[in-house]
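the following comprises the amino acid sequence and a computationally predicted model.
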Amino acid sequence: MAEATQTATAEDSHLSDVLFRRDGLPPAGDLIPLSLQHVLASFAGIIAPAIIIASVCNFTEQEETAIIQVALILSAIDTLLQQFPLFGRVGSGLPILSGVSFAFLPAFQALGMEFGFPTLLGAELVGGAVAMAFGSVYPKVKAAFPPLVTGTVIFTIGVSLYPTAIRYIAGGAGTPMFGSAQNWLVGLITFAVVFGLTNFAKGTLKLGSIFFGIIIGCVISIPFGMVDPSGVASASWFSLPRLMPFAIEFNPAACLTLSVVYVMVNVQLIGDLSAATMGGMDRMPTEHELGGALKAQGLTSIVSAFLGGLPTSAFGQNVGIIVSTRVVNKWVFASSAFVFLLAGLCPKLSAVLTMIPQPVIGGATISVFGTITLNGIRILVRDGLTPRSCTVFGISVAFGLGIAEVTGSLAGPGMPAWLTTILGTSAITPCAVMAIALNTILPPDRQRDKDAEAARADAALAEHEGRAATPVPGNEAAQPAGGMAAAAAGAEPAVTRAGVAHELASVDVGHFESQILEGERAAQEAGTPVRESQAAIRAAAEAARAATSAAQAATAAAQAAAQVAAAAASLIGTVGTAAPGDEPVVGDVSATGNLPATGDAPATGDAPAAQPGGNGPARD
């Protein structure tokens with residue numbers, strides 16, 4: 001099916017078939033524009049975190065140029081590792097483009113302001129080692145990081161970045177013109193351009209919306225005197241990055257904080273890889289491929305620490321390009337990496353990028369931060385919102401953002417300093433700790449629902465059994481002849497069981513109908529044909545509906561049997577009272593022996609789809 005889809009895509013777009021396969025060198029006429037498409041979509045996202053951290057850590061112009069240069073080089077290294085795995089183990093061999101990630105920015109800002117850039121590099125070095133170790137053991141520990149936990153943490157990452165964007169739109173904290181009208185004017189115009197191109201443009205303009213928004217923002221800011229080109233003339237045309245341009249210092253609390261962030265970003269990377277592989281290759285990545293991707297990210301971070309750079313991860317916007325075009329050829333991504341590498345080796349280009357005013361950066365990136373938040377929500381609701389998931393999400397976000405916003409909330413008497421550093425400097429760590437703890441403590445939703453359903457059925461049966469055991473006052477004569485009365489009482493539990501079976505089968509129908517909608521939506525987003533997935537899921541849903549119909553019929557039969565039994569019991573009581581010596585009348589009434597409702601009711605046994613944990617194929 002994948003090959004047929006790729007062939008159809010190639011025919012529709014008049015592109016070379018090689019583009020839709022991992023191996024083979026595409027024609028230059030196809031290779032160059034598709035590679036530049038990825039460059040335009042990610043270029044601004046790669047340099048923006050470097051510019052922000054340079055501002056937080058009070059870098060000089062030369063240091064800011066160097067960190068931008070290294071950011072571009074590291075993006076190239078990570079992308080090349082993902083396309084051409086080192087020793088077949090470090091790298092995924094999957095279609096993905098990596099770059100310096102915004103996901104690390106909140107923790108880097110907090111730790112950078114408190115400890116300085118050398119401590120950040122030490123924590124990054126440790127975090128890279130943690131990422132490589134996590135890639136090796138991920139199959140054994142992935143159960144601790146379900147979508148509920150990772151979605152909550154990624155949501156918190158996005159929300160915690162909003163103040164950064166607003167601070168930049170206002171001109172940068174501590175600047176003389178902070179909060180001025182001209183800063184807000186430039187920032188909002190930049191945002192409007194990015195917003196308009198993202199939502200109303202097509203093709204290259206849409207894919208490069210942030211890139212073009214920054215260009216227009218810079219042009220608008222020139223009349224306000226916000227662009228200073230003085231540092232460009234002194235920058236060289238070619239330069240290699242320096243080894244250890246900064247000292248590397250280690251702080252245990254900072255290392256632990258970034259290690260937690262690395263694990264969460266690694267889980268997000270797995271989600272991006274899964275989306276890109278399913279959308280472009282119609283399959284899910286293997287555990288070996290995922291482990292290789294995490295190791296490549298970790299190795300890149302270790303190299304980054306020695307070059308004075310920032311950590312990398314997959315770019316979500318480029319995943320969208322892969323899904324929409326289905327172009328997965330490794331040389332397309334390698335060519336994009338070569339563009340980043342050439343740009344990183346040219347300090348003059350990096351110096352040009354340092355001219356971008358802060359309001360332009362803020363206006364261009366606030367939509368990116370919003371996308372991170374929405375990605376967290378999308379992951380969070382993947383398995384549906386339940387009272388349990390809402391509890392985990394709400395409490396974790398409350399603790400994470402609440403502690404981060406209240407300065408010194410963990411710095412009072414009796415509180416160790418390390419605790420303040422780990423939990424009090426960034427919203428991500430307390431949020432992650434709470435999400436993992438609550439997800440472990442609270443019982444799973446499905447089991448809790450099954451227990452509640454079983455408890456309700458037991459209570460209903462107990463109630464009916466209590467009624468059946470109570471003799472009917474004033475009708476003692478009818479009771480001995482009342483095999484029929486016992487039949488009526490025995491039929492009522494069958495009605496209850498059939499009703500419970502009906503309710504459970506109805507729940508299964510709703511479950512499978514929601515699966516149909518989710519399957520269609522996921523397949524459409526991935527750009528894959530949906531007929532096969534629709535047919536399979538609808539067949540399962542039809543099976544559940546058939547079980548519901550059977551349960552309904554059994555319920556009706558049991559209720560009718562109970563009514564017949566009750567009527568017969570009443571008749572026997574009347575006959576026994578009017579003609580107590582006429583015993584043959586009782587023997588001629590065969591209702592007790594011929595009623596299948598009490599002894600043969602198939603309501604609960606014949607509806608396998610309705611039984612919790614049953615053998616119905618619908619759940620698979």
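Done, it's in. It should be emphasised that the depicted structure is a prediction, and the values quoted were computed from it without experimental measurement. Numbers count the residues shown, from 1 in each chain.

which strand or helix spans Glu114?
Glu114 is part of helix 105-115 when elements are defined by DSSP states H and E.

for that helix, list every residue counted as buried.
Neighbour-count burial for helix 105-115, counted by 16 or more other CB atoms under 10 Å, picks out Leu105, Pro106, Ala107, Phe108, Gln109, Ala110, Leu111, Gly112, Phe115. (Each C-beta comes from the backbone N, C-alpha and C, glycine too.)

tell me which helix or strand comes right after that helix.
Remark: after helix 105-115, the chain's next helix or strand is helix 117-141, criterion DSSP H and E.

what angle sits between the helix or strand just after that following helix and helix 105-115?
For helix 117-141, the following helix or strand on the C-terminal side (DSSP H and E) is helix 147-169. Orientation check (axes from the mean of the first three to the mean of the last three CA atoms, to 10 degrees): helix 147-169 against helix 105-115 gives 60 degrees.

alpha carbons only: can I get helix 147-169 in PDB?
Taking Å, rounded to 0.1, in the frame of the first residue of the first chain, the C-alpha atoms of helix 147-169 are listed here in PDB:
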ATOM      1  CA  PRO A 147       0.900  10.500  26.500                       C
ATOM      2  CA  LEU A 148      -0.800  11.900  29.700                       C
ATOM      3  CA  VAL A 149       2.600  12.600  31.300                       C
ATOM      4  CA  THR A 150       4.500  13.800  28.200                       C
ATOM      5  CA  GLY A 151       1.500  15.900  27.000                       C
ATOM      6  CA  THR A 152       1.300  17.700  30.400                       C
ATOM      7  CA  VAL A 153       5.000  18.500  30.500                       C
ATOM      8  CA  ILE A 154       5.100  19.700  26.900                       C
ATOM      9  CA  PHE A 155       2.000  21.900  27.500                       C
ATOM     10  CA  THR A 156       3.900  23.400  30.500                       C
ATOM     11  CA  ILE A 157       7.000  24.000  28.400                       C
ATOM     12  CA  GLY A 158       4.900  26.000  25.900                       C
ATOM     13  CA  VAL A 159       3.000  28.100  28.500                       C
ATOM     14  CA  SER A 160       6.200  28.900  30.400                       C
ATOM     15  CA  LEU A 161       7.700  30.400  27.100                       C
ATOM     16  CA  TYR A 162       4.900  33.000  26.700                       C
ATOM     17  CA  PRO A 163       6.500  35.600  29.100                       C
ATOM     18  CA  THR A 164       9.700  35.200  27.000                       C
ATOM     19  CA  ALA A 165       7.900  36.200  23.800                       C
ATOM     20  CA  ILE A 166       6.100  39.200  25.400                       C
ATOM     21  CA  ARG A 167       9.400  40.300  27.000                       C
ATOM     22  CA  TYR A 168      11.000  40.400  23.600                       C
ATOM     23  CA  ILE A 169       8.100  42.100  21.900                       C
END
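
could you give me the average pLDDT of it?
Taken as a whole, helix 147-169 has a mean pLDDT of 83.

stretch 421-435 too?
Here the average pLDDT along stretch 421-435 is 80.

give me the residues contacting it.
106-107, 110-111, 114, 148-149, 152-153, 156-157, 159-160, 251, 253-254, 256-257, 260-261, 263-264, 392-393, 395-397, 399-401, 403-405, 408-411 (CB atoms under 8 Å, 6 or more residues apart in numbering).

next, the buried residues of that stretch.
Those would be 421-435, for stretch 421-435 by 16+ other CB under 10 Å.

and this structure, what are its domains?
2-441, 448-469+477-576+584-619 (automatic domain parsing).

could you say which of the ones you listed is packed most deeply?
domain 2-441 (a mean of 20; mean count of other CB atoms under 10 Å).

worst average pLDDT in the domains of the chain?
Minimum mean pLDDT among those: domain 448-469+477-576+584-619, a mean of 52.

so what secondary structure elements neighbour the helix holding Glu114?
Applying 3 or more CB pairs under 8 Å, 6 or more residues apart in numbering; DSSP states H and E, one finds that helix 105-115 contacts helix 28-56, helix 117-141, helix 147-169, helix 252-281, helix 428-441.

report the contact partners of the residue nearest to Tyr168 when sequence neighbours are not counted.
Nearest non-adjacent residue to Tyr168, counting by CB to CB, 6 or more residues apart in numbering: Gly362, 2.9 Å away. Taking CB under 8 Å, 6+ apart as the contact definition, Gly362 lies against Thr164, Ala165, Ile166, Arg167, Tyr168, Ile169, Ala170, Gly187, Thr190.

elements contacting the helix or strand that contains the last one?
Which is Thr190. Assessed by DSSP H and E, Thr190 sits inside helix 181-200. Packed against helix 181-200, as judged by 3+ CB pairs under 8 Å, 6+ apart, are the following elements: helix 147-169, helix 203-207, helix 209-221, helix 358-380.

closest to Ile46 out of these?
helix 209-221 (10.6 Å; CB to CB).

show me the contact partners of that closest one.
With CB under 8 Å, 6+ apart, helix 209-221 has contacts from 40-41, 43-45, 186-187, 189-191, 193-194, 197-198, 201, 205, 227, 355-357, 359-361, 363-365, 367-368.

picking that back up, so the residue nearest to Tyr168 versus Asn183, what's the distance?
In this view, Gly362 and Asn183 are 9 Å apart by CB to CB, to the nearest Å.

what is in contact with those two at once?
With CB under 8 Å, 6+ apart as the test, Gly362 and Asn183 both reach Ile169, Ala170.

got the CA coordinates for stretch 200-207 in PDB?
The C-alpha coordinates for stretch 200-207 follow below in PDB (Å, rounded to 0.1, in the frame of the first residue of the first chain):
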ATOM      1  CA  PHE A 200      -3.700  32.300   4.300                       C
ATOM      2  CA  ALA A 201      -0.600  31.800   2.100                       C
ATOM      3  CA  LYS A 202       0.400  28.700   0.200                       C
ATOM      4  CA  GLY A 203       3.600  26.900  -0.800                       C
ATOM      5  CA  THR A 204       6.900  28.500   0.000                       C
ATOM      6  CA  LEU A 205       5.400  31.600   1.600                       C
ATOM      7  CA  LYS A 206       3.400  29.400   4.000                       C
ATOM      8  CA  LEU A 207       6.300  27.100   4.800                       C
END
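
residues contacting it, please?
By CB under 8 Å, 6+ apart, stretch 200-207 touches Gln37, Leu40, Ala41, Leu197, Thr198, Ser209, Phe212, Gln317, Ile321.
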